[in-house]
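Engineer: test case, fold it:
(chains A, B, C and D, ligands or ions: 2)
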Amino acid sequence: MLFDVQVRPHGEWTVVSVVGDVDLASTPRLRSTIAAVVRSRSPRVVLDFGGVDFLDSSGLGVLLGALRRVRAADGVLRVVVAAPHVRRVFELTGLDTIFELYGDLEAALVEPLQAAPGAAPGATSEVEAGA
Amino acid sequence: MLFDVQVRPHGEWTVVSVVGDVDLASTPRLRSTIAAVVRSRSPRVVLDFGGVDFLDSSGLGVLLGALRRVRAADGVLRVVVAAPHVRRVFELTGLDTIFELYGDLEAALVEPLQAAPGAAPGATSEVEAGA
Amino acid sequence: MTREIVLEIPARADYLGLARQVVAAAAAIQPRVRDERIEDLRIAVSEATTNAIEAHAHLGSDERILIRCNLGDDRIDVEVLDRGGGFDPGEVESAPAAEDPDRLEWERGLGLPLMLGLADETSIEATDGGTAVRLTVFRPGPAH
Amino acid sequence: MTREIVLEIPARADYLGLARQVVAAAAAIQPRVRDERIEDLRIAVSEATTNAIEAHAHLGSDERILIRCNLGDDRIDVEVLDRGGGFDPGEVESAPAAEDPDRLEWERGLGLPLMLGLADETSIEATDGGTAVRLTVFRPGPAH
Ligand SMILES: Nc1ncnc2c1ncn2[C@@H]1O[C@H](COP(=O)(O)OP(=O)(O)O)[C@@H](O)[C@H]1O
Ligand SMILES: Nc1ncnc2c1ncn2[C@@H]1O[C@H](COP(=O)(O)OP(=O)(O)O)[C@@H](O)[C@H]1O
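Structural biologist: Numbering: from 1, shown residues only, chains lettered A, B, ... in the order given. Ligands and ions are numbered 1, 2, ... in the order given. So this is what the prediction gives:
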């Protein structure tokens, strides 16, 4: 079964690109790759699932763990989801409200960072500087 | 399972284009399409298997029947085969020596008609006229 | 004439992709089933098979998992059968709601909700000797 | 741990594509098997399954066909089992040679030669109760 995960820096972001099926067979590798990225690099991570045709609950579990680690490091996690049935899995579990989902990598990389919760509009750059 | 067969005239030729898997499930339709073409149109037929990913012995059987019909009508049958494993099925059964196989449709349509067996070189146009 | 397809696979994660392919290919034999519904079924069956594989792993069992696809005129039923230790579906703790700050502590427990959301009908019969999960997708037709 | 996959399908031509997909997907679980060899196996298994389907049709039998894929370390074995009337492989008339003018009168009889040509090993065991065709493809390795 096809599965590959690649890591590359992009400006202040680290892009983790996944291709193939995300299931119980591939999540161990995905989990350890993400953990290594969060440990050693910028905690601004884009998980690019644009090349993912299948994502199951074990993949969602890995994403929840990733979001926890990234938040603990005061970072940001964005997730790119293209296939409608992959997005559907987020929606059915309510996780589309937890994750910042983007339709393509470009959109995930250009969107400005959100203000911290409670921060006034315009505080964005301060938050960025403090990250 | 994907299977489709389309018939269209091309100059003096009739092109029968097949897409999908040729097996016991699809050969009945292929057989009757070819029979109808040979009955009602020019007996110069190109069978385009360029879009065929799978061809089995039942498909070869249909081709043998088609060649018999076309020859009985003093016609010509050319077969376009692209995928190496489809060509391999012809080779393993020795049928690559019976059929005129071409790598693409273009090649099958431009190649001049062969002289009839035993005819002197240059007799081609005579044979064509007599067909 | 019965239109049942039975697949038996080793209880290992590398066979999940095969199970999904069989379900998708089986469902595609029936016309009238829309691609999104095949996709739904593919995901639901993969979840059920994942649980079956984990149940066998838990017991250290070498036995294989059985997947039966029944192509009916107005429905596709897929049954996933394991010989794991079973469980009580009513007792499964569910994850906190998405807004709950503790939500991120829960990486598991999403399989059953997904199955329930994706299939038109889900039934689970579990005993000490194993579990049978039946997932149904209806084919659109005059009645649906 | 056994690495056997078993597929049971109705004895009908529309399930041939499914059988091929399963064999190709099963063979792909093993690394080291080249795509052309998977292709060879896919065609050979399809031929054996076609014969099994025809054997059942001949008896008017409703029973299903069994396909077992065994993923060994150095080989893939696929067995196709039917409950048709069997036959004597030694008695099967072969088609005239390609150069023979009568060749075009023979549209059948190409399945067995193809299996023999495509698989590394082919064995056929036929009885009145049915036929078992075993097709083997070796995985390349130090010994091959
Ligand atoms: N086939 C099964 N056999 C035994 N236990 C099961 C089975 N399916 C589900 N369970 C139990 O139900 C729990 C919840 O399953 P699920 O929602 O799929 O989430 P997860 O598998 O991620 O824990 C599992 O952790 C397991 O304890
Ligand atoms: N599984 C089988 N059960 C019964 N008879 C078989 C089986 N396989 C092959 N045969 C017999 O052998 C003959 C030759 O088979 P094959 O070479 O595949 O060509 P075809 O199926 O086109 O006739 C068949 O016509 C059939 O009589």
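
Engineer: name the helix or strand of chain C that has the lowest mean pLDDT.
Structural biologist: Within chain C, no helix or strand scores below helix C:16-29, which has a mean of 94 by mean pLDDT, DSSP states H and E.

Engineer: ok, then the element right after that helix?
Structural biologist: For helix C:16-29, the succeeding helix or strand toward the C-terminus, using DSSP states H and E, is helix C:35-59.

Engineer: is there proximity between that following helix and ligand 1?
Structural biologist: Yes - interface with ligand 1: helix C:35-59 contributes C:47, C:51, C:52, C:55 (Cβ under 6 Å from any ligand atom). The C-beta positions use only the backbone N, C-alpha and C, and glycine is treated the same way.

Engineer: buried residues, that helix. List them.
Structural biologist: Within helix C:35-59, the residues that qualify as buried are C:37-56, counting by 16 or more other Cβ atoms under 10 Å in any protein chain shown.

Engineer: next one: stretch C:109-124
Structural biologist: C:110, C:111, C:112, C:113, C:114, C:115, C:117, C:118, C:119, C:120, C:122, C:124.

Engineer: who in chain A is up against chain C?
Structural biologist: A:1, A:21, A:23-25, A:54, A:56-58, A:60-62, A:64-65, A:67-68, A:71, A:84-85, A:88-89, A:92-95, A:97-98 (Cβ under 8 Å from any Cβ of the partner chain).

Engineer: what subset of those is buried?
Structural biologist: A:1, A:21, A:23-25, A:54, A:56-58, A:60-62, A:64-65, A:67-68, A:85, A:88-89, A:92-93, A:95, A:98.

Engineer: just checking, which of these belong to helices?
Structural biologist: A:57-58, A:60-62, A:64-65, A:67-68, A:85, A:88-89, A:92 (DSSP state H).

Engineer: pLDDT and distance to ligand 2 added to these, as a markdown table?
Structural biologist: Shown next, in a markdown table, are those (pLDDT from 0 to 100; distance: Cβ to the nearest ligand atom, whole Å):
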| residue | pLDDT | distance to ligand 2 |
| --- | --- | --- |
| A:57 | 97 | 43 |
| A:58 | 97 | 42 |
| A:60 | 97 | 46 |
| A:61 | 97 | 47 |
| A:62 | 97 | 47 |
| A:64 | 96 | 52 |
| A:65 | 96 | 52 |
| A:67 | 96 | 56 |
| A:68 | 95 | 57 |
| A:85 | 95 | 40 |
| A:88 | 96 | 44 |
| A:89 | 97 | 43 |
| A:92 | 95 | 46 |
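
Engineer: would you point out the most distant pair within those?
Structural biologist: A:68 and A:85 (25.5 Å; Cβ to Cβ).

Engineer: hang on, the earlier thing: quick check, nearest of the residues of helix C:35-59 next to ligand 1 to chain A?
Structural biologist: Nearest to chain A among these: residue C:47, at 5.9 Å, using Cβ to the nearest Cβ.

Engineer: contacting residues for that closest one?
Structural biologist: Residues near residue C:47 by Cβ atoms under 8 Å, 6 or more residues apart in numbering or on different chains: A:56, A:57, C:111, C:112, C:114, C:115.

Engineer: grab the nearest non-local neighbour of the second one.
Structural biologist: With Cβ to Cβ, 6 or more residues apart in numbering or on different chains as the measure, residue C:110 is the residue that lies nearest to residue A:57, at 3.6 Å, once sequence neighbours are left out.

Engineer: so the one you found sits against residue C:98, correct?
Structural biologist: No - Residue C:110 lies out of contact with residue C:98 (Cβ atoms under 8 Å); the separation is 11.4 Å.

Engineer: re earlier: the least confident helix or strand of chain C near ligand 1 anywhere?
Structural biologist: No - figure legend: helix C:16-29 not in contact with ligand 1 (Cβ under 6 Å from any ligand atom); closest approach 13.0 Å.

Engineer: now the angle from that helix to helix D:16-29?
Structural biologist: 170 degrees (axes from the mean of the first three to the mean of the last three Cα atoms, to 10 degrees).

Engineer: can you tell if helix C:16-29 touches chain B?
Structural biologist: Yes - Helix C:16-29 lies within reach of chain B by Cβ under 8 Å from any Cβ, at C:28, C:29.

Engineer: tell me the angle of that helix relative to helix C:35-59?
Structural biologist: Using the same axes, to 10 degrees: helix C:16-29 against helix C:35-59 is 150 degrees.

Engineer: got the CA coordinates for helix C:16-29 in PDB?
Structural biologist: What follows is helix C:16-29, C-alpha atoms only, in PDB (Å, rounded to 0.1, in the frame of the first residue of the first chain):
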ATOM      1  CA  LEU C  16      -6.300  -3.200   5.800                       C
ATOM      2  CA  GLY C  17      -5.700  -1.700   2.400                       C
ATOM      3  CA  LEU C  18      -6.600  -5.000   0.700                       C
ATOM      4  CA  ALA C  19      -9.800  -5.200   2.700                       C
ATOM      5  CA  ARG C  20     -10.700  -1.700   1.600                       C
ATOM      6  CA  GLN C  21     -10.000  -2.500  -2.000                       C
ATOM      7  CA  VAL C  22     -12.200  -5.600  -1.900                       C
ATOM      8  CA  VAL C  23     -15.100  -3.700  -0.400                       C
ATOM      9  CA  ALA C  24     -14.800  -0.800  -2.900                       C
ATOM     10  CA  ALA C  25     -14.500  -3.300  -5.800                       C
ATOM     11  CA  ALA C  26     -17.400  -5.400  -4.600                       C
ATOM     12  CA  ALA C  27     -19.600  -2.300  -4.200                       C
ATOM     13  CA  ALA C  28     -18.700  -1.100  -7.700                       C
ATOM     14  CA  ILE C  29     -20.000  -4.400  -9.100                       C
END
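
Engineer: low-scoring stretches of chain C, by residue?
Structural biologist: Per-residue confidence for chain C (pLDDT under 70) gives these ranges: C:1, C:141-144.

Engineer: can you name the residue of it nearest to ligand 1?
Structural biologist: As assessed by Cβ to the nearest ligand atom, ligand 1 sits closest to residue C:111 within chain C, at 2.2 Å.

Engineer: which of the helices or strands spans residue C:2?
Structural biologist: Using DSSP H and E, no helix or strand contains residue C:2.

Engineer: spatially nearest residue to it (excluding sequence neighbours)?
Structural biologist: According to Cβ to Cβ, 6+ apart, the nearest residue to residue C:2 is residue D:10 (6.3 Å).

Engineer: ok, the one you found - contacts?
Structural biologist: Counting by Cβ under 8 Å, 6+ apart, residue D:10 has contacts C:1, C:2, C:3, C:4, C:5, D:64, D:65.

Engineer: between those, which is closest to residue B:110?
Structural biologist: Closest to residue B:110, out of all of these and judged by Cβ to Cβ, is residue D:65, at 44.9 Å.

Engineer: okay but that closest one is in contact with residue D:84, surely?
Structural biologist: No - in this structure residue D:65 lies outside contact range of residue D:84 using Cβ under 8 Å: 9.2 Å.

Engineer: for residue C:102, what are its contacts?
Structural biologist: Per Cβ under 8 Å, 6+ apart, neighbours of residue C:102: residue C:96.

Engineer: which residues do residue D:65 and residue D:84 both contact?
Structural biologist: What both residue D:65 and residue D:84 touch, as defined by Cβ under 8 Å, 6+ apart, is the set D:52, D:56.

Engineer: where does chain A dip in pLDDT?
Structural biologist: For chain A, the ranges with pLDDT under 70 are A:1, A:115-131.

Engineer: repeat that for 90
Structural biologist: Scanning chain A for pLDDT under 90 picks out A:1-2, A:39-43, A:112-131.

Engineer: for it, longest strand please?
Structural biologist: strand A:44-55 (DSSP state E).

Engineer: can that strand be said to contact ligand 1?
Structural biologist: No - Strand A:44-55 lies apart from ligand 1 when judged by Cβ under 6 Å from any ligand atom; the minimum separation is 13.7 Å.

Engineer: flag every buried residue along that strand.
Structural biologist: A:44, A:45, A:46, A:47, A:48, A:49, A:50, A:52, A:53, A:54, A:55.

Engineer: just checking, the third one touches residue A:18?
Structural biologist: Okay, so that is residue A:46. No - when contacts are counted by Cβ under 8 Å, residue A:46 is not listed as touching residue A:18 (11.0 Å).
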